[in-house]
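Visitor: Below are the sequence and a predicted model; questions follow.
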Amino acid sequence: MTVRASWAAIAVAAGLAASADAAAAQTLRVRAGEHPAYSRVVIDARPGAAFDWSVSGRTLRATVSGAAQFDVTGASSRGLGRISGFSAAGGALEIALSCECGARVSRLGDGRIVIDVAEGAPRPAAQPAAAAAAASAPATPAARPAARPAVAAAQAGDVAPPAVDAGAVSPDEVSDDGQPSMTADTAATPAPPSAEPAREVSGAIAAGEPPADSPSTVAAPQESAQVAAPPEAAEPEPAPAAPSLPGDAASRIEAARQALLQQLARAADEGFLELSDRADPSAIARETSAPVDTDLPEPNLRARTALDIARDRDARLPRREPARPDNCLPAAEFALADWADDRPMDEQLAPLRRAMVGEFDRPDPEAVLAYARLMTHFGFGAEARAALDAFRSGVTAPASLSELAFIVDGETPPEDGVLRRGIDCPGPHALWAASAAASASALDPADIRLDDLISQIGRVPERLRAAVVAPIARTALDAGDVGGAERLSAVVTRGVDDLATIDPMMAVLLARIQAARGRHAVAEDALTALAQRTSPAGVEAMIELVSQRLARGLPAPEGLADNMEAVAFALGDSDLGRRLLVAAARARAATEGLAPALESLAVLAERAGDDAAAGAAAREFLIDHVPDTAHGVEYARAVLTHLALIGDGPEADAARVAVARNFASVGVENLGEALLAPALRRGDIDARLAASDAALAAGAPERALDHLDGLIRPDAAKLRALAYAALGRAPEAARAARESGDAEFAATMAWRAGDWAGAAKAGDADRRIVAAWMSGAESLPDDLRAAADESPELGVLAKALPEEGAAEAETVVGEAEAALAASRRRREAMGGLLTDG
C-alpha cells in the first residue's frame, strides 16, 4: 500500500467516524428515584460518552457528548424530595434543586451516569471554557529519541506524510466510563524510554533502511514515539479470537443482559438496593501483553479517584448547624428511618423487650426509648405510647416521641403538644407539625410550603408516609389546590405499581383527586371497591361516594344508606359513626325525602337505647340541609315530628337556629320563635338574632326590637333599623343603619328618612345625584361627575344642579325663565325617585 493510499484510507475512516458521531446524537432518557439520604438521577448515556457537570445556586447543570436532547418525562413525575424540577435546553440537562445540596456522580459500566443529590455533597462550579480546556489538557510528556521509519519511508518515494511534532503527542485521555477518573497528588517523574536509541537505529538498519547520514533519510520527518517503536513491538502477535456463539444464542444473551440491567436500575430507583460508588478492584479484568514485574519499587505518587478527593475535602470542612428557633426541635428527634434496621421486626423486638426491665424490676431508660422508637418506626403508635406510659416514672422521653406515635396511627396529637407548634421551623419539624395541625383540621392552607415539605418526606420510612402526608394533602385538596395535593400524594405512591396495595386512606384521597380532575367514573369505581372494607377507610369511602354523587345531582347507590346505617350502629357514639350517619341521612333525604331520613335516625336511636349518636347526626344534618321552598309545610312537619331527636339542650341551639331561618325562607316564619324558645331562655345571641328575623318576617317589629334589646353589633343594628323602618320611625332607622357597617344599606335608610347628605354617600348613582341636589350641594363628587359624563341619563340629572343651570340672564325676566326651565328639568329627572321606599 502506498502512502497516498494510506492517507486516503485515513480520510475515509475519519468521515465514517464523523458520521457515527452525528448518528450518535440522540435523546437520552432520564430516570429518578428517592432514597432516605439522597435523591438519585440516572442518565442512560452510551459507553464512552464524555460527561461534565456543575452546580450554581440551586441549579445542577449536566452535559453529555452526543446528546441532542434529554427525555425528562418520567423523572419529572416522581416528586423527589431534594429536586423540584427538570428541564432540557441547548443539549444540557438542568436539575432544579429544592435545597442547598450538592451531588456525587459515578459511572456504570454500561455508560449510565448516576447522580446522587444530597446535603453536604460536593458543589463544583462551572469553569470558563479556556480554563476548563487548560485544566483538562494533559501535561506534555518528556521528549523521546526520534527514530526514522523502517519501511514506510523507504517505499514512500517523493510522497511523505505530514510531519508530526513529537512533543505535541498527548497520552490517551482518561475515560470516565466504568471507573471514576484518577488524579494524582504529586507530579509524575518522566519515565525512561522503552528502548535505547542505538537499538532503535540498529533495528531500522537491519530492516533495510539507509544509514542516518543518507540524503534520502535526512529530510524525512520525525515520527511520534508510537511510530518509532521497534518492528517487533509494532506488529504484536494477534490475540486469540474469542469463541463465537450462534447468532440466536448471542442475541438471547444480550437481551437477558439488558433486561437484568433494567431490573437492577429500577430496583435502585425504588430503594430496594444500593449501587456502589465504585467497582470492586478485584473484579476488573486487566489485559497485559507482557508479564508484569512484581519486584517494582514503591510508587512515588498516590492515585485517588475524584470521589475520594471530594469526600476527604468534605470531611475536613467544619460542619455548622444553622441557628434553630427555640420552639424548633432538632432533626435527630424525627429520624424514624434510623430507629430500626433491615431485619424483621420480631428479631429486633425480642432483645429490647428483655432489656426493658433489669435487676430489681428497674426499667432501663435506653431500652424503653429504643422499644418505643422501634414500635413507632413500624407504625404501632399505640403500643409505643403504652410503653412510655407504663415506665413514665423511670424514663424521661422526648415530648415529641409520643406525639409522633399519635400521627403514625392516624390520630391527632394533643393540642398543647410540641408538634402543634413549629409549622415555620426548618427541617423535618415543619413536616410533622403540618401533619399534626392538618389532622386536627387546624392547618392553614397558606402555611403549606410544598417544596419544603416534599424535601422532608423522603426522610420518613415508606410505610409511614401515607399517615404523615395524607392529612396535609387533604387540607390542600379541601382548599382547592388539586395540584398541591397531587404533588404530595405522588411522593407516597412513587414506585407503587398496583394502587390496590397502597394505604387505604391514601387511596380514598387519590379517588378525591380523580373526581376533582373530572374523572368521576374512575373515582367512583375506586370508592365502591374501598367501601366493601370493614375499616375506617371503608367508612371514609362510603361517605365520599355519597358526597360526590349528591354534588353531581345523582342519587346514592341503591342500598348504600342501609349499609351505612348498619355500620354506624356498630360504631356507636363515635366521631366516625356520627359522620357516617350524617352521610346516610343525606343519601336517604335525596332519594326518599326529609321525613324518612329523620325517621331512620329515630329508629336507630331507639334500637341503641341512646340517642346521642343519632341526635348528633340529626342536628348536623339539619344545619346543612336546604329545604325546597315549594314544600315548606312538609319540611316543618318532618322537623316538628322529630323535635325530640334534636333535643333542647345547648348542643341543639345551632340546629334550632338553622331550622328557624329555614322556616322563614319557606313561608312558615310564625313557627320560628316557638322553635327557638329553649335557646332564647339561655340568652343565646344567634337565637336572639334569628328570633328577631322571624318576628320581622311575621310582621311583628315590636317583638323584633325586644329580641334585640341590648345587642350592640352590626348585624343587630341592621335588624334594628329594619324594625324601626317597619314602624315608620325613619330617623331612628337611619341612625341605626349607620351602625350596621353597610354603606349602601345606610344610604337607603337615609334616603327614606330624608337625610340627603347621608343618602348621597353610597348607593345608585342617580339617587346619589338627586340626593346631592336635595342636600344643597353646589357640585358633584368626582366619581359622580365622571359617571354623568359617560351616561346621557345621568347627565340630564346632573344638569339639574345649579352649576349646570341656565346662563346668567341680564334681566329679571330672563332669570325667571331660567329658573322655571331648571325646575321643570328637575321634576322630569327626579321622576318617581322620591316615592321609592
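Guide: Thanks, I have the structure now. Here the structure is a predicted model, which is why all the values come from computation and not from measurement.

Visitor: where do the strands sit along the protein?
Guide: When assigned using DSSP state E, the strands of the chain occupy the ranges 26-34, 39-43, 51-56, 59-64, 67-71, 83-89, 92-97, 102-107, 113-118, 182-184, 303-305.

Visitor: Residue 494 is nearest to which of those strands?
Guide: Distance to residue 494, taken as C-beta to C-beta, is lowest for strand 26-34 among those, at 6.4 Å. The C-beta positions use only the backbone N, C-alpha and C, and glycine is treated the same way.

Visitor: How far off centre is that closest one?
Guide: 21 Å (C-alpha atoms, centre = their mean, to the nearest Å).

Visitor: May I have that strand as PDB, with CA atoms only?
Guide: This file holds the C-alpha atoms of strand 26-34, laid out as PDB (Å, rounded to 0.1, in the frame of the first residue of the first chain):
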ATOM      1  CA  GLN A  26     -29.700  11.100  20.400                       C
ATOM      2  CA  THR A  27     -32.300  11.700  23.100                       C
ATOM      3  CA  LEU A  28     -31.200  10.300  26.400                       C
ATOM      4  CA  ARG A  29     -33.700   9.100  28.900                       C
ATOM      5  CA  VAL A  30     -33.500  10.500  32.400                       C
ATOM      6  CA  ARG A  31     -34.900   8.500  35.400                       C
ATOM      7  CA  ALA A  32     -35.100   9.400  39.000                       C
ATOM      8  CA  GLY A  33     -35.800   7.800  42.400                       C
ATOM      9  CA  GLU A  34     -36.000   8.800  46.100                       C
END
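
Visitor: That strand pairs with which strands, parallel or anti?
Guide: Its sheet considered, strand 26-34 pairs with strand 39-43 (antiparallel), strand 67-71 (parallel) by DSSP bridges.

Visitor: and that strand, which residues are buried?
Guide: Counting neighbours by 16 or more other C-beta atoms under 10 Å, one finds that the buried residues in strand 26-34 are 28-34.

Visitor: now it and strand 83-89, what's the angle there?
Guide: Angle between the axes of strand 26-34 and strand 83-89 is 180 degrees (criterion: axes from the mean of the first three to the mean of the last three C-alpha atoms, to 10 degrees).

Visitor: hmm, who's touching strand 26-34?
Guide: Taking contacts as C-beta atoms under 8 Å, 6 or more residues apart in numbering, the residues outside strand 26-34 that touch it are 39-46, 64, 66-72, 74-75, 78-81, 83, 86, 93, 265, 268-271, 458, 491, 494-495.

Visitor: Would you mind checking those for buried ones?
Guide: Burial by neighbour count, judged by 16+ other C-beta under 10 Å, picks out 39-46, 64, 66-67, 70-72, 75, 78-81, 83, 86, 93, 265, 268-271, 458, 491, 494 from the contacts of strand 26-34.

Visitor: Quantify the burial of the residue nearest to residue 689 when sequence neighbours are not counted by counting its neighbouring residues.
Guide: Beyond its immediate neighbours in the sequence, the residue positioned closest to residue 689 (C-beta to C-beta, 6 or more residues apart in numbering) is residue 715, lying 6.1 Å away. By other C-beta atoms under 10 Å, the residues close to residue 715 number 17.

Visitor: can you check residue 728 too?
Guide: For residue 728, the tally of surrounding residues (other C-beta under 10 Å) stands at 10.

Visitor: and what of the one 3 residues further on?
Guide: Neighbourhood size, residue 731 [other C-beta under 10 Å]: 14.

Visitor: Contacts only, for it.
Guide: Residues in contact with residue 731 (C-beta under 8 Å, 6+ apart) are 753, 755.

Visitor: State the distance from it to residue 758.
Guide: Computed with C-beta to C-beta, to the nearest Å, the distance linking residue 731 and residue 758 is 11 Å.

Visitor: ditto for residue 455
Guide: In this structure, residue 455 and residue 758 are 57 Å apart, going by C-beta to C-beta.

Visitor: Check residue 794 too.
Guide: From residue 794 across to residue 758, the span is 20 Å (C-beta to C-beta).

Visitor: again with residue 698
Guide: When distances are taken as C-beta to C-beta, residue 698 and residue 758 turn out to be 30 Å apart.

Visitor: Compare those two and say which is more crowded by neighbours.
Guide: When neighbours are counted by other C-beta under 10 Å, residue 698 and residue 758 differ, and residue 758 comes out ahead with 22 against 17.

Visitor: ok, the more buried one touching residue 733?
Guide: No. Under the criterion of C-beta atoms under 8 Å, residue 758 lies out of contact with residue 733, with a separation of 11.5 Å.

Visitor: Please enumerate the shared neighbours of these two.
Guide: When contacts are counted by C-beta under 8 Å, 6+ apart, residue 758 and residue 733 have no shared neighbour.

Visitor: Leaving out sequence neighbours, find the closest residue to residue 631.
Guide: Counting by C-beta to C-beta, 6+ apart, the nearest residue to residue 631 once its immediate chain neighbours are dropped is residue 666, at 7.6 Å.

Visitor: actually residue 599, sorry about that
Guide: Computed as C-beta to C-beta, 6+ apart, the closest residue to residue 599 that is not its neighbour in sequence is residue 642, at 7.3 Å.

Visitor: what's near enough to touch that neighbour?
Guide: Under the criterion of C-beta under 8 Å, 6+ apart, the neighbours of residue 642 are 598-599, 601-602, 618.

Visitor: Now restrict those residues to buried residues only.
Guide: Of the members of the contacts of residue 642, the ones counted as buried by neighbours, 16+ other C-beta under 10 Å, are 598-599, 601-602, 618.

Visitor: State the mean pLDDT of stretch 350-358.
Guide: Taken as a whole, stretch 350-358 has an average pLDDT of 84.

Visitor: again, but for stretch 660-676
Guide: Averaging pLDDT residue by residue across stretch 660-676 gives 89.

Visitor: and what of stretch 454-468?
Guide: Along stretch 454-468, the predicted confidence averages to a pLDDT of 91.

Visitor: got any ranges where the chain has weak pLDDT?
Guide: Across the chain, residues meeting the criterion (pLDDT under 70) sit at 1-25, 126-248, 250, 265-303, 317-325, 358-360, 495-500, 610, 777-778, 796-837.

Visitor: Throw the buried ones among the contacts of residue 642 into a markdown table and include distance to residue 108, thanks.
Guide: Rendered in a markdown table, the data for the buried ones among the contacts of residue 642 read as follows (distance: C-beta to C-beta, whole Å):
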| residue | distance to residue 108 |
| --- | --- |
| 598 | 69 |
| 599 | 70 |
| 601 | 65 |
| 602 | 70 |
| 618 | 66 |
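
Visitor: Domains in this structure, by residue range?
Guide: The chain is divided into the following domains under automatic domain parsing: 24-126, 332-411, 769-835.

Visitor: Dump the ones you listed to TSV, plus distance to residue 611.
Guide: Supplementary listing: the domains of the chain in TSV, determined by distance: least, C-beta to C-beta, whole Å:
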stretch	distance to residue 611
domain 24-126	47
domain 332-411	27
domain 769-835	56
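
Visitor: List the contacts of the residue nearest to residue 754 when sequence neighbours are not counted.
Guide: Counting by C-beta to C-beta, 6+ apart, residue 754 lies nearest to residue 730, which is 7.4 Å off, once chain neighbours are set aside. Residues near residue 730 by C-beta under 8 Å, 6+ apart: 724, 749, 752-754.
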